[in-house]
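Participant: Pasted the sequence and its predicted model underneath.
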Amino acid sequence: MIISPSVYSMHYEHFMDELNALNDSVEWIHFDVMDGNFVPNITFGPMILQAFRRNSDRFMDVHLMVTDPDYFTDSFAKAGADGITFHYESYNNIEDCIRLIDKIHSLYLKAGISIKPGTPVETIYPLLDKIDIFLMMSVEPGFGGQSFQEEAYDRIRQLDRYKKEHGLDFIIEVDGGVSDRNAHELLECGCEALVAGSFVFNGDIRANVEKLRRCE
């Protein structure tokens, strides 16, 4: 299991203490990048990612919730991203998604695709042999601390069945409302990476990460 805490929920007045806790306890660090257009919120630019990169060797898991992900890809690649995931809904067509996936790979990064809860999973079947990460949103993107939408379980099972039937090897990641209350079932459905924000950062980071690990 990969745990990828969303630093959207981090307490930045304690940046180094919390980053050291992440360095000690997790594999990935998740960056929810929002542009105020694709979703009604604004978060990080690449300079924030650079600060993490200077102080961590964890996998930098960048999630672009933006209208023009191509525009942001180069700057986040230069800032130290290891993987860039963007939304199918930014383009709503397969051809443009393939072009960006190819560009991300040309930068020697892992490429991921994500869909909102209302987008049918089968919409992105043509992309699944081209990606490294599939990020299933279990809340509407844009704000942290939302409640998990239980419809995500069946959507993850559907994705996992397709992955196994076609011999694919992308990582299934889930983002939104993840905690120790649902982590075990998510893993049973086929998830391999859990994005957790509020759950990890409310209290002792190392202890909260361990609670997730005990769900395996």
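Facilitator: Okay, I see it. On a predicted model such as this, the values are computed, not experimentally measured, just so you know.
Participant: Figure out how far whichever helix in the chain runs longest is from the centre of its chain.
Facilitator: Looking across the chain with DSSP state H, the single longest helix is helix 151-165. From the chain centre to the centre of helix 151-165 is a distance of 17 Å (CA atoms, centre = their mean, to the nearest Å).
Participant: Just list the residues touching the closest residue to E89 other than its chain neighbours, thanks.
Facilitator: Computed as CB to CB, 6 or more residues apart in numbering, the closest residue to E89 that is not its neighbour in sequence is K116, at 5.8 Å. All C-beta spots, glycine's among them, are computed from the backbone N, C-alpha and C. For K116, the contact set (CB atoms under 8 Å, 6 or more residues apart in numbering) comprises 87, 89, 137, 140-141.
Participant: which one in these is the model shakiest on?
Facilitator: Least confident entry in those, by pLDDT: P141, with 68.
Participant: one step back: looking at the contacts of K116, which one is closest to M1?
Facilitator: M137 (19.0 Å; CB to CB).
Participant: tell me the contacts of that closest one?
Facilitator: 114-117, 152, 175-176.
Participant: Just the buried ones from the residues you listed?
Facilitator: Neighbour-count burial within those applies to 114-116, 152, 175-176; the criterion is 16 or more other CB atoms under 10 Å.
Participant: out of those, which are inside strands?
Facilitator: Helix and strand membership here follows DSSP state E; of these, those in strands are 114-115, 175.
Participant: Go through those residues and say which is closest to N55.
Facilitator: After measuring those against N55 - CB to CB - the closest member comes out as D175, at 23.4 Å.
Participant: May I ask which of the contacts of K116 has the most neighbours?
Facilitator: Neighbour tally across those (other CB atoms under 10 Å): the maximum, 25 neighbours, falls on H87.
Participant: which non-adjacent residue is nearest that one?
Facilitator: Once flanking residues are discounted, H87 sits nearest to S114: 5.1 Å by CB to CB, 6+ apart.
Participant: same question, N23
Facilitator: For N23, the nearest residue in space outside its immediate sequence neighbours is S56; the separation is 5.4 Å by CB to CB, 6+ apart.
Participant: List the residues that contact the one you found.
Facilitator: Taking CB under 8 Å, 6+ apart as the definition of contact, the neighbours of S56 are 19, 22-23, 29.
Participant: Just the buried residues of those.
Facilitator: Among the contacts of S56, those buried by neighbour count (16+ other CB under 10 Å) are 19, 22, 29.
Participant: So which of those residues are in helices?
Facilitator: Secondary structure defined by DSSP H assigns 19, 22 of the buried ones among the contacts of S56 to helices.
Participant: between the buried ones among the contacts of S56, which is closest to R214?
Facilitator: Nearest member of the buried ones among the contacts of S56 to R214, counting by CB to CB, is L22, at 18.2 Å.
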